[in-house]
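Participant: The following comprises the amino acid sequence and a computationally predicted model.
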Protein chains: 4
Amino acid sequence: MFFASDNAGPAHPQVMQALLDVNQGYANPYGVEPLMDVVRDQVRDLFEAPEAAVYLVATGTAANCLALATLTQPWDTVFCTRFAHIHEDECNGPEFYMSGAKLTLVGQDDKMSAAELRAAIDYEETRGVHGPQRGPVSITQVTERGRVYTLDELRALTELAHGYNLPVHMDGARFANALVTLGCTPAEMTWKLGVDALSFGGTKNGAPGVEAVIFFNPEKAWEFELRRKRGAHLFSKHRYMAAQMNALLTDDLWLSSARRANANMARLVAGLKTVPGMEFHFEPQANIIFGALPRAAHQRLHAAGAVYYLLEGGLDGDPDEALPMRLVCDWSISDDLIDQFVALARG
Amino acid sequence: MFFASDNAGPAHPQVMQALLDVNQGYANPYGVEPLMDVVRDQVRDLFEAPEAAVYLVATGTAANCLALATLTQPWDTVFCTRFAHIHEDECNGPEFYMSGAKLTLVGQDDKMSAAELRAAIDYEETRGVHGPQRGPVSITQVTERGRVYTLDELRALTELAHGYNLPVHMDGARFANALVTLGCTPAEMTWKLGVDALSFGGTKNGAPGVEAVIFFNPEKAWEFELRRKRGAHLFSKHRYMAAQMNALLTDDLWLSSARRANANMARLVAGLKTVPGMEFHFEPQANIIFGALPRAAHQRLHAAGAVYYLLEGGLDGDPDEALPMRLVCDWSISDDLIDQFVALARG
Amino acid sequence: MFFASDNAGPAHPQVMQALLDVNQGYANPYGVEPLMDVVRDQVRDLFEAPEAAVYLVATGTAANCLALATLTQPWDTVFCTRFAHIHEDECNGPEFYMSGAKLTLVGQDDKMSAAELRAAIDYEETRGVHGPQRGPVSITQVTERGRVYTLDELRALTELAHGYNLPVHMDGARFANALVTLGCTPAEMTWKLGVDALSFGGTKNGAPGVEAVIFFNPEKAWEFELRRKRGAHLFSKHRYMAAQMNALLTDDLWLSSARRANANMARLVAGLKTVPGMEFHFEPQANIIFGALPRAAHQRLHAAGAVYYLLEGGLDGDPDEALPMRLVCDWSISDDLIDQFVALARG
Amino acid sequence: MFFASDNAGPAHPQVMQALLDVNQGYANPYGVEPLMDVVRDQVRDLFEAPEAAVYLVATGTAANCLALATLTQPWDTVFCTRFAHIHEDECNGPEFYMSGAKLTLVGQDDKMSAAELRAAIDYEETRGVHGPQRGPVSITQVTERGRVYTLDELRALTELAHGYNLPVHMDGARFANALVTLGCTPAEMTWKLGVDALSFGGTKNGAPGVEAVIFFNPEKAWEFELRRKRGAHLFSKHRYMAAQMNALLTDDLWLSSARRANANMARLVAGLKTVPGMEFHFEPQANIIFGALPRAAHQRLHAAGAVYYLLEGGLDGDPDEALPMRLVCDWSISDDLIDQFVALARG
């Protein structure tokens, strides 16, 4: 019963098979192997973006840091929320890659509104060389609290950003899960709205470790390549990166995998809604939720070996006290384990 | 007939099998999976270094950059040769990770002598805050030109460095190949000589992409962990990194693989020595050589599809002109292909 | 009628005379001139800190950036307020000098409370290598909104910081003005409370351009010297820096100058309190205030050539609308000009 | 008898008078004071460059670092000589400001030839993202060994650089001394040859501390302003910077001052040529020389209190042994002191 993260489950067997398949003979290193050409075409087709520049790296942090650094000057500030992975969970990696650019935290929540974004951008208006200059807007879809921006919400942000001539980055570590929720096309959730660069996650979606960075306008492609190499993120045996992404994008494995993860979460949520005392901090929308259960439920779950993030408080104390938690479902968790979890929570 | 690099061949089947084996159930992410404990112990045993700090990253550039940055202050200079991978082939990655530290190029060759190193260190002596401060010495073993430092040569360098209180880093992208050449133990080639930090290569030796960074004194282990995360080199699904290294270190696969690569090169060299006009720039010692063949030989090899680096000159011109080349053997190249290469070279 | 900033008035004649006096014969460059020894002793005596390391730079931003960088690792975050000069007015200079460290904004105001600081520090507690690590606390005294921390308020912050083993930096661009307000000694406002490093302002207090950086514990003195040189802030003709600070510290010119500035502001405030519609955002405590006047008053002042920051709104519009402004007095402004300003404001 | 450096003598009285003159009333801070407009026009007139962007900083290292960073990407390498001030005497400041760009050392001498420069540029040609990319060429005029490039020599370098689309930076810490030697116009020694950015020294030429950075093409002016602020080199009381440069450029004080320094050196050289055993490492051309005197001469000079750099060896030993030294003349050294120095050297 492992609900701690979607980076702790196994990789999908089709992805593993792809690694075996690619392990034949010689291949040019550093991303010029033939399979990377296939992947690039797959991504371009998928996004209806025949000019897009497409690169692979192995961690979501690398994708975010390198994509943002390519869009940002060191004296800029990036607009994101206070829950943004780039702010909370990358150990100053973005600041490192951006040579000391700043992050401006917009609003108080995991989603930013256009009004909050406008206020944050306007605040940086009047100080000439003294304050930071306005840099990109970075939006996480699915958010770090498990919510999904609607297309209208996204459009309001991207239009605002472009009104100020600011580029837009999307942290799509769970891009697939959001897409499944919204039921739109990849193009509709990105460049058709004005997203300039996308971190397109594979690692949380069935791969051992692969993320794509996609620039819909290839103007800065060469700069990105230099930044990737300088950041030590260009793999010599790059074919094993390409193989992962190729497998995900073949026969829509990436979508079926995300669909399964979201369905798993829906089953879990449906079950939890029957548990007395269960509260949801945000309406569940994809495959990650934040909520609270009474301590007694946590005690039962821990005793049975369930693994997930208990965000505050310990297991000893008032059995009725509500304790906050985070739960995540990946593609691989079984209905049985989900049902067991719910049964334990219910007591 | 692929002799371009040891990063272009397939991974060893045992390493691939290990990836499949580890792909079961859930595992804690970010390097706290149980298999990493196994790997840490394997490395400590192998190096007779029970206190060593051991980390995995996916590229040799990452290993070098992160190891060096941990040993270096931004106002320091690192002593290395003009052929050093950290100088020539990492797109200013070391300077990036070291926040602008400098590299001082020692001597004129791929190996530095103690006298050259002393001269370079002494040169930085007298300028107070004005010049760069003396930082680590970085030694590549096998060198970028295919030569292997003897233990005495290494000891002369490390003793000199420590006499100035400078730490020593070893770029061991081909550590295994050097060890096979020298026939000593890993400890004898590293900490027993005074090497402080080692980039221990796996990628050129049969893995899809894994390198260990080993600090024989664990004092800066936590700083390294922060630098790795900040550099975006901490894998969430870290088990696939551990599995590769685990496989290499099980039943001495890493050594048999390197032995095979060196033996392949020895066969190639023996054959090439029979080729009229063949010159070796350096006496071959491991699995990478630099030399020259007449243009006519290159013409025959290219026509037959042989792949390797022709370092200067084109295929058109005087058939007798000697053109420089680089040849590398990995573990996987067959005797047949080697013999074919030689036969073509001989004409 | 210039009330825009204390960096726009003339330097004190005694400081200018000191520049002439020092302009004799030869002097060793780079801070080893004899006058710097005098200055170092003056600072140590003044602060009752015989071991303190004392350095001079020309801008407050340099003092802050270099002092903070010496106390901070690149993966740390610095705790400061959202109004902090290091956050708002240094164009990412601190992030640049700290190689990408982050600033965490504490509370919502120009002063941080111990409770707010504790909450901010605690927030960074549980994320291992993922989040930024806790770095120094930076306190501005006088704050950027013109308020002065009491010694008790400061002590609450410094004791809290030291409880977490975090160093404390004080941005004392207007240190002298705060000291005059509190009536304590320099030692009482700094190291006796636990301040580790101080940016001690001279430029806003009668000098053309000199700030001291003082480390009460000299342990990192050499690192600071390297950082200063590398940042291009070590002056060759350093004697002209030393002369400015020497003049300020001779016969308590720095205190009398700050006393005069505060008194000028007190006179201005007393006058403005008689102006109908005048509001103060914060109770004036030193030489800089934030408040609002009706637009009609601003119109009269601008027509008469008064210079100050009108923070929002233009001169055209409802004459009764209150418009926010910032007013600063330096040592040099005359009673007459102050009274004229008040008279114009009153109408 | 102070011949150690041209940064150790007094500032010219006319420059000091300018500081007093500017110390009247209020002035807008941060370089928008009226006097800066005057200075900008003076520089533009002097260089016949009506579009040039002109900025002032206080140290030569700041001028070089900021100018180069504006022309360089972090993955580039700057071509300079091994004696370049930016390489030897700025404590990795350029690497810091350039976010980790590299310096490639051209040739073996203080002057680079076009052939050496071409070889160095060509060497970086073939490695794609792996090696550093080609960045600006930085030329020091007067060189750090006291030699002056002829206009033809400069033209050969700048034409070569522009042939590769590389910008050219000139470190003109002693620009005035070179100009006096060559007898050409400032335009002829800079933009007419293809120099893109100039560090124009004032500090070694009679000012307490001021250098201009001049971009003949103003395209990157705003970027420079942001870099200057972020580097903490934008002075609030900027009028004292403008006053220094204004004084130097008024009535050609900068030229008469340099002429005097060069004439002083010519007198010194003429005298030294009569000293038995005197050797010049380079033919003296401006106001700084490198040569050698017998130890006995050094003993006499030190006993009499002469101050200069003895580059190697101590005062004890064989009286006939030649010991290398550096001698510099500024504008202020008197004929008497020069003659005394020569007399002591002669013995």
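Facilitator: Okay, I see it.
Participant: Flag the shaky bits of the stretch 1-150 of chain A, pLDDT-wise.
Facilitator: For the stretch 1-150 of chain A, the stretches with pLDDT under 70 are A:126.
Participant: Chain C contacts on that one?
Facilitator: Neighbours of chain C within the stretch 1-150 of chain A, by Cβ under 8 Å from any Cβ of the partner chain: A:74-77, A:88-92, A:95-96, A:98-103, A:105, A:127, A:129-133. From N, CA and C alone the C-beta is placed, and that goes for glycine too.
Participant: what about 6 Å?
Facilitator: Contact residues (Cβ under 6 Å from any Cβ of the partner chain) of the stretch 1-150 of chain A with chain C: A:75, A:88-89, A:91-92, A:95-96, A:100, A:102, A:129-132.
Participant: Most neighbours of all those, which one?
Facilitator: Neighbour count (other Cβ atoms under 10 Å in any protein chain shown) singles out residue A:95 as the most crowded of the residues of the stretch 1-150 of chain A next to chain C, with 34 neighbours.
Participant: Relative to residue B:230, how far out is the nearest residue to that residue once chain neighbours are set aside?
Facilitator: Once flanking residues are discounted, residue A:95 sits nearest to residue C:100: 3.6 Å by Cβ to Cβ, 6 or more residues apart in numbering or on different chains. Distance from residue C:100 to residue B:230, counting by Cβ to Cβ, to the nearest Å: 8 Å.
Participant: and if you look at residue A:205?
Facilitator: According to Cβ to Cβ, residue A:205 and residue B:230 sit 25 Å apart.
Participant: Also residue A:157?
Facilitator: Distance of residue A:157 to residue B:230, given as Cβ to Cβ: 28 Å.
Participant: quick one: residue A:292 is in a strand?
Facilitator: Yes: remark: residue A:292 belongs to a strand, assigned using DSSP: H, G, I helix; E, B strand; the rest coil.
Participant: That one and residue A:327 touch, don't they?
Facilitator: No: assessed by Cβ atoms under 6 Å, residue A:292 is found out of contact with residue A:327, at 11.0 Å.
Participant: Please identify which of the two sits among more neighbours.
Facilitator: Neighbours per residue (other Cβ under 10 Å) separate residue A:292 from residue A:327, with residue A:327 holding more: 23 against 20.
Participant: Report the contact partners of that one.
Facilitator: When contacts are counted by Cβ atoms under 6 Å, 6 or more residues apart in numbering or on different chains, residue A:327 touches A:3, A:289, A:308.
Participant: redo that, cut-off 7 Å
Facilitator: A:3, A:268, A:289, A:308 (Cβ atoms under 7 Å, 6 or more residues apart in numbering or on different chains).
Participant: Would you agree residue A:137 falls within a strand?
Facilitator: Yes: assessed with three-state DSSP, residue A:137 lies in a strand.
Participant: Specify the beta-bridge partners of it.
Facilitator: Taking DSSP bridges as the rule, residue A:137 bridges to residue A:79, residue A:168.
Participant: My understanding was that it contacts residue A:168; is that so?
Facilitator: Yes: with contact defined as Cβ atoms under 7 Å, residue A:137 reaches residue A:168; the gap is 5.1 Å.
Participant: what residues are shared contacts of these two?
Facilitator: Counting by Cβ under 7 Å, 6+ apart, the shared contacts of residue A:137 and residue A:168 are residue A:161.
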